[in-house]
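Trainee: requesting a structural model of the entry that follows:
(2 chains)
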2 protein chains.
Amino acid sequence: MRVAVTGAGGMIGRKLVERIAREGVAGRAVERLVLHDVAAPPGPPGAAALGGDLGADAGRLAEERPDVLFHLAAVVSGEAEADLDKGYRVNLDGLRALVDALRARDCRPRLVFASSGAVFGGPFPPVVPDDFPPRPLTSYGAQKLMGEVLLDDLSRRGLLDAVSLRLPTICVRPGLPNRAASGFFSGIVREPLAGRPAVLPVPREVVHTMASPRAAVGFFLHAAALDTGPMGARRAVTLPGVAVSVAEEIEALRRLAGERAVALIEERPDPAVWAIVRTWAERFEARAARDMGFVAEDSFEAILRAHVEDELGGGVPA
Amino acid sequence: MRVAVTGAGGMIGRKLVERIAREGVAGRAVERLVLHDVAAPPGPPGAAALGGDLGADAGRLAEERPDVLFHLAAVVSGEAEADLDKGYRVNLDGLRALVDALRARDCRPRLVFASSGAVFGGPFPPVVPDDFPPRPLTSYGAQKLMGEVLLDDLSRRGLLDAVSLRLPTICVRPGLPNRAASGFFSGIVREPLAGRPAVLPVPREVVHTMASPRAAVGFFLHAAALDTGPMGARRAVTLPGVAVSVAEEIEALRRLAGERAVALIEERPDPAVWAIVRTWAERFEARAARDMGFVAEDSFEAILRAHVEDELGGGVPA
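Mentor: Residues are numbered from 1 along each chain as shown, chains lettered A, B, ... in the order given. Purely as a prediction, here's the structure:
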């Protein structure tokens, strides 16, 4: 099997690549693995790494004739809101360039697209059902929705075979903060666990649906192996996650690492972050995704445990 | 007031331009009227006419700094399905070029976008409510939906002030048939009234929502004058029309022009047309649009009457 990954240098991309190297894709061995990001990303021995602008490199990726293409490259929500042109250029035009390059070579891969729950905008019901109309209230959400619509159309025409994953917020994100407006959901846990201060820019009552990086990698691999026949021309899947409040996150942190860790969280309201976060749904029903076999954690404790196991060597620093 | 019209050489475009020349826009006189189409379209004295590719001409249009921009230029449904690249180039990239050119000049007009009921795809409830999720099943519908999402985003950001009109099928279309898959709804009336044969490519039981060209021009002018404040960031409006079956159309034709006219209709099923038409809704609730003051005909007789008055000099040829 031939596999390509865009955004392969990002947090989820790196973890996905590691797991592909260990387990293959859809139960098959990977003979060719091509990774792309703005700078050539690290990868396992034998993988090809390309670095550059996705629009310019789309042809090189298509020439690899991937059977499965994981398209994770994106400008994240905070940056897409701050830099309108960059958001459309990467999140929409990048995808257009990719699918055009594939079509030009008559290459019709399974394309797993990193979409987002941000395709939805409020006002929301308490639990957002699968058929809730996507009407985004951020540029990031708009760009992801346009991508979904494009991929549905091309899938309907048999020009590729897409699955668009409406990801919940991924938490706990390891590594440095990025410009995703949702970053603090991870930061208020990750930073105190490392003995560093963290900022909470929204009220503690905020409820949000999350899944671990490990679950996210599982979503991508499950989508790569999915029978898309029953989906027809509707390839977007709203994924499951666990809905937790910021207060519940903080309590879980307290149980794991004590009062000293919690004391490192500083509440400092940020209107720019709040303006984005308040447009997001709290809970998703995600019934179709669960029926299709997509699995996420069922508690914030499980998310924390995944973080401790995958990032902290199984233990919490004293 | 400065006004620009793209697709000004098309059927609705020409009628819109005529009425703008007579009545102005939003109760104001028009000092500058700029018309665009692939070939420089005819217009009233004093109007400027540009002909060319919309992508290349977007800058020239934006330099006119329109207060109101009617964006009607489009590749129609049948052609967008037959020629994928042309559909995306005109229907999506053309709009992108236009809004980018406006942004580059900090010009923030009321932009009235000709969208379509084709943004919806089935299965449908008997009456499609305003909040029905748009999930198109044609490339035309996909391109129009992507345009709506883009315009909602830019309107939310205050970069322009859009209204996207989800038009019903316009009937009776005068002039030559175009490549819209819905063309036969007009053809089976227009052609027999002119003593010419017509082809019916779908079953008589097909029900479809229609409005006259006169009503369509009314929609555009109403949208130009609309207070968009209450719409917030959701600028797409599903417009009203009258739901009639093909059989009812034929009966109305019989009452107006007799058996001889009806005998000119030949039933010749066309799988390509049927494949598109069957993806369309039968009836739209269009409650929000009615509340906003958008008005269409309430019977097919009224649509026929508009055709006879506007196209046939008020009488039916013997």
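
Trainee: residue ranges with poor pLDDT in chain A?
Mentor: Across chain A, the stretches falling below the confidence threshold (pLDDT under 70) are A:317-318.

Trainee: up against chain B, what does it have?
Mentor: Proximity of chain A to chain B, by Cβ under 8 Å from any Cβ of the partner chain, involves residues A:84, A:88, A:96, A:121, A:131-137, A:139, A:142, A:145-146, A:149-150, A:152-153, A:156-157, A:159, A:233-234. From N, CA and C alone the C-beta is placed, and that goes for glycine too.

Trainee: identify the residues contacting stretch A:282-301?
Mentor: Contacts to stretch A:282-301, defined as Cβ atoms under 8 Å, 6 or more residues apart in numbering or on different chains, come from residues A:117, A:124, A:126-130, A:168, A:207-212, A:215, A:218-219, A:222-223, A:226, A:237-244, A:248-249, A:252, A:255, A:303, A:306.

Trainee: repeat that for 7 Å
Mentor: With Cβ atoms under 7 Å, 6 or more residues apart in numbering or on different chains as the test, stretch A:282-301 has contacts from A:117, A:124, A:126-130, A:207-209, A:211-212, A:215, A:218-219, A:222, A:226, A:237-244, A:248-249, A:252, A:303, A:306.

Trainee: in PDB, list the C-alpha atoms belonging to the helix or strand hosting residue A:87.
Mentor: The secondary structure element spanning residue A:87 is helix A:84-87 (assigned by DSSP states H and E). What follows is helix A:84-87 as a C-alpha-only set of coordinates in PDB (Å, rounded to 0.1, in the frame of the first residue of the first chain):
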ATOM      1  CA  LEU A  84      -7.900  35.500   6.500                       C
ATOM      2  CA  ASP A  85      -5.800  35.100   3.300                       C
ATOM      3  CA  LYS A  86      -3.500  32.500   4.800                       C
ATOM      4  CA  GLY A  87      -6.500  30.500   6.100                       C
END
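
Trainee: let me see the contact set for the residue in the stretch 151-300 of chain A that chain B sits nearest to.
Mentor: When Cβ to the nearest Cβ is the measure, the stretch 151-300 of chain A has its nearest residue to chain B at residue A:153, with 3.9 Å between them. For residue A:153, the contact set (Cβ under 7 Å, 6+ apart) comprises B:139, B:142.

Trainee: look at it and tell me its secondary structure.
Mentor: Reduced to three states with DSSP: H, G, I helix; E, B strand; the rest coil, the structure at residue A:153 is helix.

Trainee: ok, and what's touching the helix or strand residue A:220 falls within?
Mentor: Residue A:220 is located in helix A:213-225, with elements delineated by DSSP H and E. Taking contacts as Cβ under 7 Å, 6+ apart, the residues outside helix A:213-225 that touch it are A:11-12, A:15-16, A:19, A:25-27, A:68, A:70, A:110, A:112, A:163, A:165, A:167, A:170, A:173, A:239, A:293-297, A:306, A:310.

Trainee: the residue nearest to residue A:4 when sequence neighbours are not counted: what's it in contact with?
Mentor: In space, and not counting its chain neighbours, residue A:4 is closest to residue A:66: 3.9 Å by Cβ to Cβ, 6 or more residues apart in numbering or on different chains. Contacts for residue A:66 (Cβ under 7 Å, 6+ apart) come out as A:2-4, A:34, A:109.

Trainee: those residues: which two are farthest apart?
Mentor: When Cβ to Cβ is used, the two most widely separated members of the contacts of residue A:66 are A:34 and A:109, lying 11.7 Å apart.

Trainee: all helices for the stretch 1-150 of chain A, in order.
Mentor: Defined through DSSP state H, counting those that start in this stretch, the helices belonging to the stretch 1-150 of chain A, from first to last, are A:11-23, A:54-63, A:77-82, A:84-87, A:94-104, A:139-156.

Trainee: all strands for the stretch 101-250 of chain A, in order.
Mentor: Under the criterion DSSP state E, counting those that start in this stretch, the stretch 101-250 of chain A contains strands at A:110-116, A:161-167, A:169-170, A:198-200, A:207-211, A:236-238, A:242-245.
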